[in-house]
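[1] everything below, folded, please.
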Amino acid sequence: MAVNSELYQEIIAELKKKSVTLVAVSKTKSIEDILELYNLGQRDFGENYVQELVEKYEQLPKDIRWHFIGHLQSNKVKLIAPFVSLIQSVDGEKLLKEINKQAAKNKRVVDCLLQVHIAKEETKFGLDEHELESVVTDSPDHTNICIKGLMGMASFSDDDKVVRQEFSVLKSLFEKYQALSLQPSAFSILSMGMSGDYKMAIEEGSNMVRIGSLLFGERSKK
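    Below is the predicted model of the structure:
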């Protein structure tokens, strides 16, 4: 399925009115599909796999802002540290330390989001509320990292009440730690909402959504 350019224009117009950033989830999608969206003005793209991200970075325009949104292994941070714009899936202090280390080697400050586990499924990664508090309040000062906010994924459920409640929990946590931040304006991103639930996520306070299948069609198996 080709890029749905008409739907893209509708979505981006809607999001701009609400000051919400669209991250186009391009995992498993072709260079040609990504360029089609790029040529429509899209600059934020999200990838789940490190090697695929590196390959696409090498082939595509350098003004693309690449978001890493999948589970990130510490031993692969060095591959994306030179160029990644935002790592949305930080789920522990060990990973933060490695990102800081590799960012320093590249003389960069890497922006990160802390991923919070809000869904019922055990398969989703992320920090629970106690781990989040520990990372935010007890973490050493990493000079080459900027924690910009929180990211989460709601349950894959047809029950809107469940999904909305999970988004509400994440918004409350975001507000809590934004108020505690020494730089509240820097702690500014709440990334939640995907193709099936992004409208509800925005209603609950999201200012960054990750949309793939609506734009590109269902993803290929990998």
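
[2] only C-alpha atoms for contact and neighbour calcs from this point on.
    OK.

[3] is residue 115 in a helix, a strand, or coil?
    In three-state terms, and counting by DSSP: H, G, I helix; E, B strand; the rest coil, residue 115 is strand.

[4] so where do the helices sit in the chain?
    Secondary structure of the chain, counting by DSSP state H: helices at 5-17, 31-39, 50-59, 77-80, 93-105, 129-138, 160-180, 198-203, 213-216.

[5] so what angle separates the directions of the third one and helix 31-39?
    It stands for helix 50-59. 60 degrees (axes from the mean of the first three to the mean of the last three Cα atoms, to 10 degrees).

[6] for helix 50-59, what is the average pLDDT?
    The average pLDDT within helix 50-59 is 98.

[7] circling back to that earlier point, ok, which of the helices of the chain comes nearest residue 190?
    Closest approach to residue 190 among these is made by helix 160-180 (6.9 Å; Cα to Cα).

[8] that closest one: how far from the chain's middle?
    Distance of helix 160-180 from the chain centroid (Cα atoms, centre = their mean, to the nearest Å) equals 16 Å.

[9] returning to what we had before: between the helices of the chain, which one is nearest to residue 119?
    helix 160-180 (6.7 Å).

[10] how many degrees apart are that closest one and helix 129-138 in direction?
    Using the same axes, to 10 degrees: helix 160-180 against helix 129-138 is 20 degrees.

[11] now distance to residue 68 and mean neighbour count too, for the helices of the chain, in CSV please.
    Below are the helices of the chain laid out as CSV (distance: least, Cα to Cα, whole Å; neighbours: other Cα atoms under 10 Å):
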stretch, distance to residue 68, mean neighbour count
helix 5-17, 21, 13
helix 31-39, 15, 16
helix 50-59, 8, 15
helix 77-80, 9, 18
helix 93-105, 12, 19
helix 129-138, 19, 14
helix 160-180, 20, 17
helix 198-203, 19, 18
helix 213-216, 17, 20
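
[12] save those helices as TSV, and put in distance to residue 87 too.
    Conversion of these to TSV gives the following (distance: least, Cα to Cα, whole Å):
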stretch	distance to residue 87
helix 5-17	22
helix 31-39	19
helix 50-59	11
helix 77-80	9
helix 93-105	9
helix 129-138	16
helix 160-180	17
helix 198-203	20
helix 213-216	21
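
[13] that's all I had, so thanks and see you.
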